[in-house]
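Engineer: Have a look at this prediction, sequence included:
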Amino acid sequence: MKKEILHKVRYPLLLAAAAILAVWLWTARKSDRPVEQAEIKPREKIYLRREGTFRPGETLEKVLLRDIYDRVLADELIQGFARVFDVRKIRGDRRYTILTDSAGVVHGFEYYPDAVKTVRVLRDSTGVLQPELVQVPLIKRTLALTGEVRTTLYDAVKAMGESDELIAAFSDLFQWDIDFFVDPRVGDEFRMVYEAEYALDPSRPDSLGEFIRYGRVLSGQYRSGSAVRTALYFEQGERGGYYDLEGKSFQKTFLKSPLNYRRISSHFSGGRRHPILKIVRPHLGVDFVAAEGTPVVAAADGVVIEKGYEGGGLGNFIRIRHKNPRFATVYGHLSGFGPGIAIGQAVQQRDVVGYVGRTGLATGPHLHYCFYENGRPVNPLKIKNSSGDPIPAGEMERFKGVREEQLALLAAAPRRGEEVPGVIAGTGPGHMAMPRL
């Protein structure tokens, strides 16, 4: 009986011992193989950052000597810096950073001329200072907003946290049809879709960094009473422009007003009591009141045919004959003339031709603006404007796709500038009326 039990136990013990021996032999053989070492990457240097801001009139030399107390090192940094950036262009309100190690040894310097550039001078692995101009990558987003005029368009857009640049860009869409200084009424509605560029935050690629600038306004709508105007940006080759829903150009031959003004002090009239001469005589133009020095632009393409001083009333003035020789415009009471303005000089629409002043017979700074057709004075506020070239037939199908996409984005515009989702061309609303807010 004992032998039978011993026989039953012996075989499992032998098998276990054999297994242990096999594992030991395999491990020993493996240990003889060369050990594969993981690749060891050099650690990225981490610097301490001492930040500061240039004071008005402060030079790079003065800042470096004040902050690092080392003339030789300061000269090295300045020489490297000057290889990639003009030290004379350093501004007194810009930030800088001195890069050091934990022992206080200076390894580099950074200057931030604007939100998208960094001028960096940094030691390389051999200890040599190497300069570079780093461009911060930008990310473009399409945003939209909508609102209602309570006082002015300017106030309405500013109340949404947007800036003057966006207001100017939007008003430029309709500059040939709407004078935003006098035409808007309480209750008017506006919508726009526009581009904005942000600094890309490398540590958070899914988020937006600092706002940098506005891009192009892609579309805009303005409702005043029952009248609705829609402007859509459309590119043909390397050129682009704004068109209405039917593909007609928004650009007109003449601007509705040749400056940004506060009010109209005198309208076109066959008889007006002159504020200085105290007599009644024709006032064959429109007086736009504006701050002295406000730029005055050419109302349309043309050539300067007169420039000078007229002591009988106009003071400094210029006269422009336009591409259609039937038309001419006169700009009077100027404080000065635009750069390069001379008789025979060709000008384009919106070129600065002068600046608001009070020369001649004037009680205050304003622009006296006259419009002539075949030598006969015409009220500038009542001229019939002609449009530019429409979209050619061969581009209409592509334009329709852009139109549907932009109408859908305009319809989805929120109450303030927020990103709008992409819309596939052709899925926009079937109607073209501006939806009510």
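Structural biologist: Arrived safely, thanks for sending.

Engineer: On the pLDDT front, check His283 for me.
Structural biologist: pLDDT, His283: 77.

Engineer: Surely it touches Ser265?
Structural biologist: No - His283 is not in contact with Ser265 according to CB atoms under 8 Å; the separation is 10.4 Å. The way it works is simple: take the backbone N, C-alpha and C, and place the C-beta from them, glycine included.

Engineer: got any ranges where the stretch 201-350 of the chain has weak pLDDT?
Structural biologist: For the stretch 201-350 of the chain, applying pLDDT under 70 flags the ranges 201-208, 262, 269-281.

Engineer: need the strands for it, in chain order.
Structural biologist: Assigned by DSSP state E, counting those that start in this stretch, the stretch 201-350 of the chain shows strands spanning 208-224, 227-236, 239-243, 263-266, 269-273, 280-283, 286-289, 295-297, 302-310, 315-322, 327-337, 346-347.

Engineer: which other residues reach the shortest one?
Structural biologist: Contacting residues not belonging to strand 346-347 are listed as 298, 301-304, 320, 341, 353 [CB atoms under 8 Å, 6 or more residues apart in numbering].

Engineer: Give the helix, strand or coil label for Tyr112.
Structural biologist: Using DSSP: H, G, I helix; E, B strand; the rest coil, the structure places Tyr112 in strand.

Engineer: Name whatever forms a beta bridge with Val228.
Structural biologist: Arg223 (DSSP bridges).

Engineer: what number of residues lie near it?
Structural biologist: Per other CB atoms under 10 Å, the neighbour tally for Val228 reads 14.

Engineer: same check, this time on Arg191
Structural biologist: The number of residues packed near Arg191 is 23, by other CB under 10 Å.

Engineer: Check the contact between it and Leu143; I expect there is one.
Structural biologist: No - using CB under 8 Å, Arg191 makes no contact with Leu143, being 11.9 Å away.

Engineer: Out of the strands of the stretch 201-350 of the chain, the one nearest Ser257 is which?
Structural biologist: Closest of these to Ser257 is strand 286-289, at 6.5 Å (criterion: CB to CB).

Engineer: Tell me the buried residues in that closest one?
Structural biologist: By 16 or more other CB atoms under 10 Å, the buried positions in strand 286-289 come out as 286-289.

Engineer: Pipe these into JSON lines and attach distance to Glu310 per row.
Structural biologist: Output for the buried residues of strand 286-289, formatted as JSON lines (distance: CB to CB, whole Å):
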{"residue": "Val286", "distance to Glu310": "18"}
{"residue": "Asp287", "distance to Glu310": "16"}
{"residue": "Phe288", "distance to Glu310": "18"}
{"residue": "Val289", "distance to Glu310": "20"}
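
Engineer: Show me the one of the strands of the stretch 201-350 of the chain that comes nearest Thr359.
Structural biologist: The closest of the strands of the stretch 201-350 of the chain to Thr359 is strand 315-322. By CB to CB, the value is 2.8 Å.

Engineer: The closest one vs strand 302-310, what angle?
Structural biologist: Angle, strand 315-322 to strand 302-310, by axes from the mean of the first three to the mean of the last three CA atoms, to 10 degrees: 160 degrees.

Engineer: and strand 315-322 with strand 327-337, angle?
Structural biologist: Here strand 315-322 runs at an angle of 140 degrees relative to strand 327-337 (the same axes, to 10 degrees).

Engineer: Can you dump the C-alpha atoms of strand 315-322 in CSV for me?
Structural biologist: The C-alpha coordinates for strand 315-322 follow below in CSV (Å, rounded to 0.1, in the frame of the first residue of the first chain):
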residue,chain,number,x,y,z
GLY,A,315,-9.8,128.0,-49.9
ASN,A,316,-7.6,125.0,-50.7
PHE,A,317,-9.4,122.8,-53.3
ILE,A,318,-9.0,120.2,-56.0
ARG,A,319,-11.1,119.3,-59.0
ILE,A,320,-11.2,115.8,-60.4
ARG,A,321,-12.4,114.9,-63.9
HIS,A,322,-13.7,111.3,-63.8
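
Engineer: which residues touch that strand?
Structural biologist: With contacts defined as CB under 8 Å, 6+ apart, strand 315-322 is touched by 253-254, 298-310, 327-337, 341, 347, 353-354, 357-362, 368.

Engineer: mind checking the end-to-end distance for stretch 124-144?
Structural biologist: 46 Å (CA to CA, to the nearest Å).

Engineer: quick one: average confidence on it?
Structural biologist: Averaged over stretch 124-144, pLDDT sits at 88.

Engineer: ditto for stretch 77-94
Structural biologist: Mean pLDDT, computed over stretch 77-94, is 92.

Engineer: Any idea how many residues pack against Gln175?
Structural biologist: By the criterion of other CB under 10 Å, Gln175 has 18 neighbours.

Engineer: about what we covered before: okay if I get the contacts of strand 346-347 as JSON lines plus neighbour count and distance to Glu246?
Structural biologist: Shown next, in JSON lines, are the contacts of strand 346-347 (neighbours: other CB atoms under 10 Å; distance: CB to CB, whole Å):
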{"residue": "Ala298", "neighbour count": "26", "distance to Glu246": "28"}
{"residue": "Asp301", "neighbour count": "17", "distance to Glu246": "25"}
{"residue": "Gly302", "neighbour count": "24", "distance to Glu246": "28"}
{"residue": "Val303", "neighbour count": "15", "distance to Glu246": "33"}
{"residue": "Val304", "neighbour count": "21", "distance to Glu246": "36"}
{"residue": "Ile320", "neighbour count": "25", "distance to Glu246": "31"}
{"residue": "Ile341", "neighbour count": "19", "distance to Glu246": "38"}
{"residue": "Val353", "neighbour count": "26", "distance to Glu246": "33"}
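
Engineer: Determine which two of these are furthest apart.
Structural biologist: Using CB to CB, these span at most 14.6 Å, a distance reached by Asp301 and Ile341.

Engineer: would you put the C-alpha positions of stretch 90-103 in PDB?
Structural biologist: Output of stretch 90-103 as PDB, limited to C-alpha atoms (Å, rounded to 0.1, in the frame of the first residue of the first chain):
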ATOM      1  CA  ILE A  90      11.700  98.500 -30.600                       C
ATOM      2  CA  ARG A  91       8.600 100.100 -29.000                       C
ATOM      3  CA  GLY A  92       8.200 101.400 -25.500                       C
ATOM      4  CA  ASP A  93       5.200  99.300 -24.600                       C
ATOM      5  CA  ARG A  94       6.400  95.900 -25.700                       C
ATOM      6  CA  ARG A  95       7.300  93.000 -23.500                       C
ATOM      7  CA  TYR A  96      10.600  91.100 -23.300                       C
ATOM      8  CA  THR A  97      12.000  88.000 -21.400                       C
ATOM      9  CA  ILE A  98      15.500  87.100 -20.200                       C
ATOM     10  CA  LEU A  99      16.100  83.400 -20.100                       C
ATOM     11  CA  THR A 100      18.300  82.000 -17.300                       C
ATOM     12  CA  ASP A 101      19.200  78.700 -15.600                       C
ATOM     13  CA  SER A 102      18.600  78.000 -11.900                       C
ATOM     14  CA  ALA A 103      22.100  79.500 -11.200                       C
END
